[in-house]
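*Asks:* coordinates only, sequence not included:
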Ligand SMILES: Nc1ncnc2c1ncn2[C@@H]1O[C@H](COP(=O)(O)OP(=O)(O)OP(=O)(O)O)[C@@H](O)[C@H]1O
């Protein structure tokens, strides 16, 4: 994101280059579409001359059929060729939008977790949907339109020069004024456009927040405030859009007035020359028609400048994402060993950012392969962060983390993640059907493996009761399932990957006694086959763990079995006392 110059606009001409990079792969289509447009324009350029011939034929009483036929064919062929060229350019624009969306999404999903933590999902969405759309107009109408307009402009100038040099000078003085105005106004349009897109992104993220926490919004009676917040962001986008429109109008009015002046001047000077017999009336009409051909490229120029400024703003926002570093490629690993592995943290120091507090302050512990180990401790002690570091979502500032005796940095990322099963805290189910959620991490899982995972997570009864079985939708973020069911679906999904180490971040929400017992059974059973590291918020779920590690304020303060810790560690004794008190 460090490319911003003043006003958040990119420094130098880089966005231009980026814009051309988008177009380069489609240059053949651009050339063909552009060429057709040019031929269409050339047909247009021939019209005033053909019209002059028709007028002269009237005057002299010569044959009319030839000139009229020529004019009609030029109109028809010119229109058809222009339409073909335009279609090709539009098609190219759609291809550019598709390519930029694909690149952007590919990049986004490969970003590092630490970077995505800082970004807003709604804003990211708006970059993929709305910013990319702006590129279409730039690459079709603007770039190709500019080429066509330049051709028309030069063609008209040449024809006018051949007809009358003085009238041409009058006309060019006007054009110079318009060009000067365009260069002053363009940066303002671009700035307003960038700000409008930023406001749109802001609106997207505000709406996204409200939709993600729909129930909380309603339960908090916050609908009105959230509606107002989204509306405010939309109003900012509108204001910026209006600012851009105002500058575009200024440019348009300026151009229009200059053109009127040019027409009047040409009519005045030309009329006098016709009156004195220095110029034929048909030549003045043809000249005025060419002036018309000079005017439309100027209009096109103004429009192109606006669109290009919008496009440059959009590409800046797209570039902010594509410039971020990505994770090393995490290609899915080939099925390797499924033997359980141990974990070792050695002197790990970690903070989420240079300006953030230390979360792990010299954390060291070892978990041997197989069996179940629990991480317990007060909220904020740094337990979930242990999982984030094992998955290599983040890199510690000091110390080492080894999985199966090998430093995590020495594991190919895909292989490391294939060896791990990770069950996030809360809402770990995506949208789609039961089946889609189960095989999310293991698309090649067989029906037999799915049935086994369902049985192991005690979900088989539930699925048997559902009208559509595995094809039943689970709702957005699994909203149609209960908290306990969601957690077991997430465990089943992790198990289908046959992990060598299962990381289970227990949901903080209270499960009912039946669900809690089921979860305990599931975990105990899984621990017979693989290493299970569970973050427990309820000690009752882990009293049977082989080993319990007690964390407090970013440090490991004790470890042992439940009974050892009740005897030896004050904090653990307190946690146990409070929880059993509450539980009884
Ligand atoms: N993505 C993040 N970016 C910045 N800070 C974070 C991030 N995740 C956690 N933290 C901070 O790190 C600290 C430890 O968080 P962590 O989630 O590891 O604690 P925890 O022991 O798992 O807590 P809990 O039991 O409440 O889930 C907290 O102070 C938290 O605010």
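*Replies:* Sure thing, it's come through. What you see is a predicted model; the values in this text were computed from it and never measured.
*Asks:* chain center to the host helix or strand of residue 421: distance?
*Replies:* Using DSSP states H and E, residue 421 maps to strand 420-423. Distance, stretch centre to chain centre, for strand 420-423: 27 Å (C-alpha atoms, centre = their mean, to the nearest Å).
*Asks:* partners of that strand, with directions?
*Replies:* strand 501-505 (parallel) (DSSP bridges).
*Asks:* Show me what the lengthiest helix in the chain is packed against.
*Replies:* As assigned by DSSP state H, the longest helix anywhere in the chain is helix 223-275. Using 3 or more C-beta pairs under 8 Å, 6 or more residues apart in numbering; DSSP states H and E, the elements in contact with helix 223-275 are helix 165-212, helix 281-322. C-beta here means a position set from N, CA and C on the backbone, and glycine is covered the same way.
*Asks:* now these as JSON lines including mean pLDDT and mean neighbour count?
*Replies:* Converted to JSON lines, these look like this (pLDDT from 0 to 100; neighbours: other C-beta atoms under 10 Å):
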{"stretch": "helix 165-212", "mean pLDDT": "80", "mean neighbour count": "19"}
{"stretch": "helix 281-322", "mean pLDDT": "80", "mean neighbour count": "22"}
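*Asks:* Turn those helices into CSV, including distance to residue 527.
*Replies:* Shown next, in CSV, are these (distance: least, C-beta to C-beta, whole Å):
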stretch, distance to residue 527
helix 165-212, 34
helix 281-322, 41
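*Asks:* Can you say which of the ones you listed is nearest to the ligand?
*Replies:* The ligand sits nearest to helix 165-212 of all these, at 16.4 Å, using C-beta to the nearest ligand atom.
*Asks:* sorry, back to before: C-terminal to the strand holding residue 421, what's the next element?
*Replies:* helix 434-438.
*Asks:* residues making contact with the next helix-or-strand element following that next one?
*Replies:* Next helix or strand after helix 434-438 toward the C-terminus (DSSP H and E): helix 447-456. With C-beta atoms under 8 Å, 6 or more residues apart in numbering as the test, helix 447-456 has contacts from 435, 438-439, 442, 445, 460, 463, 470, 492-493, 495-496, 522, 525-526.
*Asks:* For helix 447-456, buried residues please.
*Replies:* For helix 447-456, burial by neighbour count (16 or more other C-beta atoms under 10 Å) applies to 449, 450, 452, 453, 454, 456.
*Asks:* Please name whichever of these scores lowest on pLDDT.
*Replies:* In terms of pLDDT, residue 456 ranks lowest among those, with 85.
*Asks:* ok, now how distant is it from the ligand?
*Replies:* Using C-beta to the nearest ligand atom, to the nearest Å, residue 456 is found at 26 Å from the ligand.
*Asks:* what is the mean pLDDT for the longest helix of the chain?
*Replies:* Rounded mean pLDDT across helix 223-275 is 83.
*Asks:* same check, this time on stretch 564-577
*Replies:* In this model, stretch 564-577 has a mean pLDDT of 88.
*Asks:* Quick check: end-to-end length of that stretch?
*Replies:* Stretch 564-577 has its terminal residues 15 Å apart, counting by C-alpha to C-alpha, to the nearest Å.
*Asks:* Break the protein into its domains for me.
*Replies:* 10-322, 343-583 (automatic domain parsing).
*Asks:* Save the ones you listed as CSV, and put in distance to residue 337 too.
*Replies:* As requested, the domains of the chain are exported to CSV (distance: least, C-beta to C-beta, whole Å):
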stretch, distance to residue 337
domain 10-322, 26
domain 343-583, 7
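*Asks:* The closest residue in space to residue 58 that isn't next to it in sequence: neighbouring residues, count only.
*Replies:* Nearest residue to residue 58, sequence neighbours excluded (C-beta to C-beta, 6 or more residues apart in numbering): residue 64, at 7.3 Å. Residues near residue 64, counting by other C-beta atoms under 10 Å, number 12.
*Asks:* Next one: residue 64 from residue 282, what distance?
*Replies:* In this view, residue 64 and residue 282 are 14 Å apart by C-beta to C-beta, to the nearest Å.
*Asks:* For residue 411, give me its contacts.
*Replies:* 403, 419.
*Asks:* Please repeat the previous calculation with a cut-off of 10 Å.
*Replies:* Contacts of residue 411 were listed using C-beta atoms under 10 Å, 6 or more residues apart in numbering, and they are 333, 392, 402, 403, 404, 417, 418, 419, 420.
*Asks:* farthest-separated two in the residues you listed?
*Replies:* 333 and 402 (18.0 Å; C-beta to C-beta).
*Asks:* Among those two, which residue is more densely surrounded?
*Replies:* Neighbour tally, residue 333 and residue 402, criterion other C-beta under 10 Å: the higher count belongs to residue 402, 18 against 15.
*Asks:* Quick check: residues of the chain near the ligand?
*Replies:* Contacts of the chain with the ligand, taken as C-beta under 6 Å from any ligand atom, map to 117, 352, 356, 359, 377, 379, 380, 381, 382, 383, 384, 385.
*Asks:* for the residue nearest to the last one when sequence neighbours are not counted, what are its contacts?
*Replies:* Right, residue 385. In space, and not counting its chain neighbours, residue 385 is closest to residue 359: 5.1 Å by C-beta to C-beta, 6+ apart. Listed by C-beta under 10 Å, 6+ apart, the contact set of residue 359 reads 348-352, 380-382, 384-386, 388-389, 394, 396, 553-554.
*Asks:* next one: residue 282
*Replies:* Here residue 282 is in contact with 48, 51, 52, 53, 54, 55, 56, 57, 58, 59, 274 (criterion: C-beta under 10 Å, 6+ apart).
*Asks:* Residue 404 now?
*Replies:* Neighbours of residue 404 in contact, by C-beta under 10 Å, 6+ apart: 337, 339-344, 369, 411, 416, 419, 500-501, 531.
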